[in-house]
Every structure is written in C-alpha cells, then in structure tokens.
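Enquirer: fold the following.
(2 chains)
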Amino acid sequence: MTAVAAGSRKLEQTYGIPTAPVSTLQFLSRVKDFLKYSKAPLPFIFTPHPVIGLPPKALDAYIEGNDPRTGRPVIDEIIDALTKPVGETLFEPESSETSQASARQAFLTPDTEDNLQRLFYERGWTDGLPIVLPTEDRVKRMLGGTSHKPDEVVGEIFQMDTRENIKYTVSNIAAIAVMAGARPEHFPVILAIASTRQTALMPSTTAFSAMLLVNGPIRNEIGMNCGIGAFSPVNLANAVIGRSWTLMATVWGFNRPLKTLWSSQGNNLTYNSMCAGENEERSVWAPFHVQKGFKTEESVVSIFRGWTLFNSPGTAAKRSHGEELKIELGAMPPANSSATIIIDPLVARNLKENEGFATKQDYSRWLSQNIKMPAGSYWKADHIDMLVASRAFQGVEPFASWKKIPDDELIAPFYDPDRINIVVVGGETSPLWKVSDYNHVISVSIDKWR
Amino acid sequence: MSPEAENRSASERGPTPSSSNLARRLDTLENKTIYLIDNGFGGSAEFMLQLQEWFAKHMPSVTTIARRKTGHVFADDTTDLWDEIKAKGHAVVYGVAG
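Expert: Below is the predicted model of the structure:
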C-alpha cells in the first residue's frame, strides 16, 4: 500500500499529475495512517478485498460495483478523482494515542502479579504466553550479564504505522530478556540480536519466519542445544533467546493486527525463530560463522529469513541427498535466489566421506548447478512476479534472460552458490534435513556485548 | 519496569492537509491519455486490464496505457515512468494496493 500512496503523492505534488490511487478495503487503516503522516489528502478509492486470483468477470464487478467504504461505484469515483476537486478525504487528526507516545514511563504502578500479567498482555507486550515480570531487581541482575552501560543505545528501529523511530537501550533489552525468561549469561546473545536492528515479526501479509543460528564457544558456555531436538521445545537457552527476539518486536508494536501485523495466517515459528546452535563439534565442515569471515573462537549470531521451510519426511535411502534436494528445491521458487539447508551431522559426514564434497561450498556449487525448474514455473509464482520481475525489466541478469526464454526451458534458480547456506544441526539419530528459501540476512559478534 | 523504548517522532506534526497541495484536476477525461499503473502486487495487472476494457467500451475517446510500476514493488523509487507520464499523459490510476 505504501508504494501506491507514496507514488501517488509524488505524482500529484512533484509531477503535477492528477492521480486516482486504488486500494483494497483491507488496507484502509494503512491508508489512513499514511494520509495522517504524509499530510497529502489523496482521493483513495477502495475495492473489495482481494483482487488477487480473480477472473475478469469478478474484476469487472469490482470496477462497476460499489466502493465498500462509500457505497459509490468504483468507476465513478475514479473519474471523479481525476476531474473534480478533491473533497472529503480519509484524513483524521492525530489521536490522543499518538500524543501519548512521548509520555512513556520507566516504571509501572505497583500492582498484584495477576494484574500486571494482565496489563502486559492487554498492552500487547507479550507473545500470548505469561511473561516473567521485569522487576527492577530482575532487570538489574540481567544487566550483570554485560559490561555495557544500561543507558547505552543498542539500536533504533522504524515503526511503520506511527512513522516513529524507536531507540532502545541496554536497559530496555534487559527488561525484555527478563520477560522472556532469560538468564544473565544469555544476555550478550540477546544484545547482539538487538544490535542488528532486525525485527522478528515482519509487517507483511505473508508468513515470514526466521532462524537464529549461534556459533562459537558461547553455545557451550550457556548450554545451547545444537544436537538432539535442537529445534524442539526442550532447551532453556534456545527457547528464551529466540523468545527475546520475538518480544522485542512485540513490545515495539509489530504485533498490532491491521496496523503492523498483516500476516494472514501467521507463523508459529516466530515464537522463537528456530533459535539453535550449529553442531560444530559433530560437523565435518567449517562452522557457518567461519565461512562468513569470523574466527573459530569468536561467538556469533546469524539471522536468516524467508517464507518456506520443508522438513524431510524420510532419509536419502533410495537416491542421493543431492537428488532429494533437486526435487525439493526444484519446487521452491526462491525470491532471493537463496536457500538455507539445515542438515544433520550424519548427512554432512556422508556427503564428505562418500560423495566427495570436501567443503560446504563444494556442495553449494553442486546444488547451484543442478537444481533446475522450468522458467514458467518460476515466473508464475506470485512472489517471484512481484519481487523479481522488476529486476528482469531493469535488465539485471540472469533474470532478464530468464524472462525471454520459453516457459518449459529449465533455469537454475539458485544460480549463485554463495546464496546457498548450509548449516549443520542435529543429534545423529537419523540422517535428516530441512530445506528453506531462507536468505542469510546478517551475522554479528556476540563477544562485543559480553 | 516498563519494557518500552523511547519513541521519537520522525514526522512533523503540522496543520491539517489541504487539497490545494494536490495537482489541478482535469476538466474532462474525453480525448485524454490515462496511464493505468499496476503496482506489481498480485491481481493488479489484471485489474488494470479490465479497467482498460471498461474505458474502451464506455469512454472510447480516452486513450489508456496499462503499465507496471518500474522499480521495487514496495518502494517509492520510480522516476522514469513518472517522467514518461509527465511528457505523454494527463492522469494516472494507480493500484491496486493490497
């Protein structure tokens, strides 16, 4: 919605071109927010929701039918928007809620535990589960997990609905870490995650999810699970570090339905964002953080993000692991040309000792060259058309060439081996794996937050 | 303690907006050129094609040009297409945000 609103404003105010912006009704609140903060009274017109996937007749009915907000025919509103002075708009003056934003207080009024739990829930400061109340004593203890000062700014994040930059300090993050159930020894990892300025919850209608991967000595120092059931709800460090990241996004307002939370179905992977450590001790290959330029003895947290995650239901018993991935990833059009493959140490050992892949990079190269899909299957995926087609139209390769070939011609959608990330996690009870279209977003040092 | 961080307003909180800061509207669409810009969101291109059919059928003197927004679907990064519209067009229908 924002691009339509911002583009319409630019067409009107910079280019002097009358513009009729059209949105589906589902995004009415976003439009109102934009008008409020941009101060451009654009004559927005609304259709029913959605327009995606509808046959021509249904779209004709939208065009000749009524704007569900005003009850007037959409086509009449389009013509009027271009030919008549803009009258009534959706602009609403600032609400008192907005002006309260600057009146935040450091301490809440004392109350019973039950009442405070309810308050946190009602204010949207939880993930739906009870939290550990961040009392002054508990926050002070958490601050003992780092050498950094409580008032040091860790980062800043932009909030779409209020158009505000949210600055957060070590102390703010400590309160959130307490709420998640973390201990002081977990705190440097949580601060490192906060320093990335990444949010666990994305303001998208899709079901984004993410993975937090920890490498280096701190995994063992704080008892992270890198082996059996690393992604299962059994380990304190994995659970609370991941939960802390989600609570950061929650506290900062990224979970307000139809304001900042738009994911139609949501994704329960976001409860702790698959937080785990790489099983460096049982892996036959170099750890992920070393691939990214860090030293083996450094502790590092990496963030991956995407939409699709596929758990292998069985092993590579009847064909090679690579053949299995050709089938799975060959059906997963990647918006960022990226894949993240999480394999059990047993798979890694077999790939190295019996199939000749000496390094992760060797295997990434093989996958990059051998995973294929028809060009038509790639381009007809909605998210590829939406996110990648513009690059093809700009002449960016290989997308521009892929646009020109017949639908049934095969392309290698994971064309860049450096975008195929391989990490080793698991407890060696079975040579299993997960494949995803996750993109590696960032890796940052944990040690600087100790 | 409260877990909330400090909010800093990034927006100026000025006066109520006025339609005077919008472009001058057209007297009529007759014999004008309207660009129908699809923003790249699923279904938008199909919506604009149907809108193009509507104009062809009901207001045939209107020339419509259906195009996709250039640049990233979520970014306000278009200049080439807006320049073209400034040179060749009179008005825009832009959507469908969804």
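Enquirer: mind checking which helix or strand of chain B has the lowest mean pLDDT?
Expert: Ranking every helix and strand in chain B by mean pLDDT, DSSP states H and E puts strand B:6-9 at the bottom, with a mean of 48.
Enquirer: now the element after that one, going C-ward?
Expert: Using DSSP states H and E, the helix or strand that follows strand B:6-9 towards the C-terminus is strand B:33-38.
Enquirer: starting at the chain centroid, how far to that following strand?
Expert: Remark: strand B:33-38 is offset 8 Å from the chain centroid, using C-alpha atoms, centre = their mean, to the nearest Å.
Enquirer: run the angle between whichever helix or strand comes after it and strand B:33-38 for me.
Expert: Per DSSP H and E, strand B:33-38 leads on to helix B:44-58 as the next helix or strand towards the C-terminus. Here helix B:44-58 runs at an angle of 150 degrees relative to strand B:33-38 (axes from the mean of the first three to the mean of the last three C-alpha atoms, to 10 degrees).
Enquirer: which elements pack onto the very next helix or strand once past helix B:44-58?
Expert: Downstream of helix B:44-58, the first helix or strand assigned by DSSP H and E is strand B:63-68. In terms of contacts (3 or more C-beta pairs under 8 Å, 6 or more residues apart in numbering or on different chains; DSSP states H and E), strand B:63-68 is packed against helix A:389-393, strand B:33-38, helix B:44-58. Placement of C-beta: from N, CA and C, glycine included.
Enquirer: briefly note if the next helix or strand after strand B:63-68 comes near chain A.
Expert: Scanning forward in sequence from strand B:63-68 by DSSP H and E, the next helix or strand is helix B:80-88. Yes - using C-beta under 8 Å from any C-beta of the partner chain, helix B:80-88 reaches chain A at B:82, B:85-86.
Enquirer: most neighbours among those residues, which one is it?
Expert: Neighbour counts for the residues of helix B:80-88 next to chain A (other C-beta atoms under 10 Å in any protein chain shown) peak at B:Ile85, which has 23 neighbours.
Enquirer: gap between it and B:Lys69?
Expert: 11 Å (C-beta to C-beta, to the nearest Å).
Enquirer: cool, and A:Gly330?
Expert: Taking C-beta to C-beta, one finds A:Gly330 at 31 Å from B:Lys69.
Enquirer: got it, and A:Ala81?
Expert: For A:Ala81, the distance to B:Lys69 equals 18 Å [C-beta to C-beta].
Enquirer: within the helices and strands, which one has the closest residue to chain A within chain B?
Expert: Relative to chain A, the nearest point of chain B is B:Gly95 (3.0 Å; C-beta to the nearest C-beta). Assigned by DSSP H and E, B:Gly95 falls within strand B:91-97.
Enquirer: sheet partners, orientation included, of that strand?
Expert: strand A:19-24 (parallel), strand B:33-38 (parallel) (DSSP bridges).
Enquirer: returning to that earlier point: need the winner for burial among the helices and strands packed on strand B:63-68.
Expert: Mean neighbours per residue, mean count of other C-beta atoms under 10 Å in any protein chain shown, is largest over the helices and strands packed on strand B:63-68 for strand B:33-38, with a mean of 24.
Enquirer: any low-confidence regions in the stretch 1-150 of chain A?
Expert: Low-confidence segments of the stretch 1-150 of chain A, defined by pLDDT under 70: A:88-104.
Enquirer: please name the nearest non-neighbouring residue to the closest residue to chain B within it.
Expert: Using C-beta to the nearest C-beta, the closest approach of the stretch 1-150 of chain A to chain B is made by A:Val22 at 3.0 Å. In space, and not counting its chain neighbours, A:Val22 is closest to B:Gly95: 3.0 Å by C-beta to C-beta, 6 or more residues apart in numbering or on different chains.
Enquirer: cool, and A:Arg450?
Expert: A:Pro188 (4.7 Å).
Enquirer: show me the contacts for the one you found.
Expert: Counting by C-beta atoms under 8 Å, 6 or more residues apart in numbering or on different chains, A:Pro188 makes contact with A:145-146, A:218, A:299, A:446-447, A:449-450.
Enquirer: filter those down to the buried ones.
Expert: A:145-146, A:218, A:299, A:446-447, A:449-450 (16 or more other C-beta atoms under 10 Å in any protein chain shown).
Enquirer: so A:Met211 touches A:Phe304, yeah?
Expert: Yes - counting by C-beta atoms under 8 Å, A:Phe304 is a contact partner of A:Met211 at 4.3 Å.
Enquirer: overlap in contacts, the two.
Expert: With C-beta under 8 Å, 6+ apart as the test, A:Met211 and A:Phe304 both reach A:340, A:436, A:438.
Enquirer: which among the residues you listed gets closest to chain B?
Expert: A:Tyr438 (19.4 Å).
Enquirer: what is the burial count for the closest one?
Expert: 28.
Enquirer: wait, what's in contact with it?
Expert: For A:Tyr438, the contacting residues are A:210-211, A:304-306, A:309, A:338-340, A:421, by C-beta under 8 Å, 6+ apart.
Enquirer: my guess is A:Cys275 contacts A:Ile241. True?
Expert: Yes - A:Cys275 lies in contact with A:Ile241 (C-beta under 8 Å); the separation is 5.0 Å.
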